[in-house]
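**Q** A structural model of the following input is requested.
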Amino acid sequence: MRNNSRVYRTRALGTVADLVVTDRDALVAASELLQEELARIDRVASRFRADSEISVLNAAKGRDLRVSVDLWEAVSVALGMAEATDGLVDPTVGLALTRLGYDRDFADLVAGVEGSLPAAAPVPGWRTVRVDRTRRTIGLPDQAALDLGATAKALSADRAATRIHDRLGCGVLVSLGGDVAVAGPAAEGGFVIGMADACTATATTDAVRVSSGGLATSGVHVRRWRLGSARVHHILDPRTGLPASTCWRTVSTTAATCVQANAASTAAMVLGEQAVGWLEQLGLPARLVRDDGTVAYTAGWLALGHVPDPALAVSR
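**A** This next block holds a predicted model:
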């Protein structure tokens, strides 16, 4: 954090967390609220902590467990997005990810893991998750495990942005590895966000202005590793339990919330060539970058062109 800055950056949840506020005097308090939210979602939803709530639930071997309000919300949101995307984004991919070697922090996968690509098989499916709202219990089939990677970070961004605005009154933008949530009054009509054409790229080639809701970018060129001789990545097609075969380098969408935007961008990656029509049918503005670098847009995406000094640069 720099003196007299309105921007705070840290590492959390295996990615980079950015916070932008419209009132620099609120930055310290806002950063503390953000850190509280990041610690909370990590305790609840990290598959890589043996003491997290989701790890305990995944190890319950088919038993129904009473869960905290936080995990109930996180799982409910994940199931809601699974239903909204007709199962294209499904939280029951946990065991499929484990079979691909993604059972540890991603930093430990960079060198690759031993093994071979498993046979294609659909994941258990979100409808197999048992939920009892009255007792606040969740149960999984014996051969199922939850992974909330497609929704938990986005939910955390939404919650952090809303809480910071409610407590401090300033406009705020929270980005967790490309999952962006905005709350409160944004200066000059919106936060300008620079968009990169490739994951981890430092230079932006386009920009968009966001004044409310959420923006999310999904891509397959960062969280990828070698499983034996196979190159795999973290966005799975629930219909096969294997990495999605996609024509897109990145997909960015905007929506009423970051959770909705991230579910849409993830589903679009899974859909491949069908993504543009699907997003158009839903009326969601989107920017899709093909593997060859060409860019497609859906109606409503208001590209600003290249902006030399955006409030935030997003790549993934």
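
**Q** Run through the helices of the stretch 101-250 of the chain in chain order.
**A** Taking DSSP state H, counting those that start in this stretch, the helices of the stretch 101-250 of the chain run over residues 152-168.

**Q** now it, which segments are flagged as low pLDDT?
**A** For the stretch 101-250 of the chain, the stretches with pLDDT under 70 are 197-203.

**Q** Other residues contacting stretch 41-61?
**A** Taking contacts as Cβ atoms under 8 Å, 6 or more residues apart in numbering, the residues outside stretch 41-61 that touch it are 12-13, 65, 67-68, 70-71, 74, 94, 97, 103-105, 138-140, 142, 145-149, 152-153, 155-156. In short, each C-beta sits where N, CA and C put it, glycine included.

**Q** Kindly report the same for stretch 113-121.
**A** For stretch 113-121, the surrounding residues in contact (Cβ under 8 Å, 6+ apart) are 96, 99-101, 225-230, 232, 240-242.

**Q** from the residues you listed, which would you call buried?
**A** 96, 99-101, 225-227, 232, 240-242 (16 or more other Cβ atoms under 10 Å).

**Q** Max pairwise distance over those residues: which two?
**A** Largest separation among these by Cβ to Cβ: Arg226 and Thr240, giving 19.2 Å.

**Q** ChimeraX command to pick out the buried ones of the contacts of stretch 41-61?
**A** Buried members of the contacts of stretch 41-61, defined by 16+ other Cβ under 10 Å, are picked up in ChimeraX with:
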select :12,13,67,70,71,74,94,97,103,138,139,140,145,146,147,148,149,152,153,155,156
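
**Q** Which stretches in the stretch 51-200 of the chain count as strands?
**A** Along the stretch 51-200 of the chain, the stretches classed as strands by DSSP state E, counting those that start in this stretch are 65-66, 130-132, 137-139, 172-176, 179-183, 191-195.

**Q** Which one of the ones you listed lies nearest to Val21?
**A** Between Val21 and these, the shortest gap by Cβ to Cβ is with strand 172-176, which sits at 5.2 Å.

**Q** Now for Ala216, how many residues are close by?
**A** 32 (other Cβ atoms under 10 Å).

**Q** Start at 59, not 1
**A** Fine by me, first position is 59 from now on; the one you just mentioned is Ala274.

**Q** in the protein, which helix has the most residues?
**A** With DSSP state H setting the assignment, residue counts place helix 85-103 as the longest helix in the chain.

**Q** follow-up on the earlier one: can you add distance to Ala169 and give the buried ones among the contacts of stretch 171-179 back as TSV?
**A** Supplementary listing: the buried ones among the contacts of stretch 171-179 in TSV, determined by distance: Cβ to Cβ, whole Å:
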residue	distance to Ala169
Ala154	22
Arg157	19
Leu158	15
Gly159	11
Trp283	8
Arg284	8
Leu285	12
Val290	14
Thr298	26
Gly299	24
Leu300	22
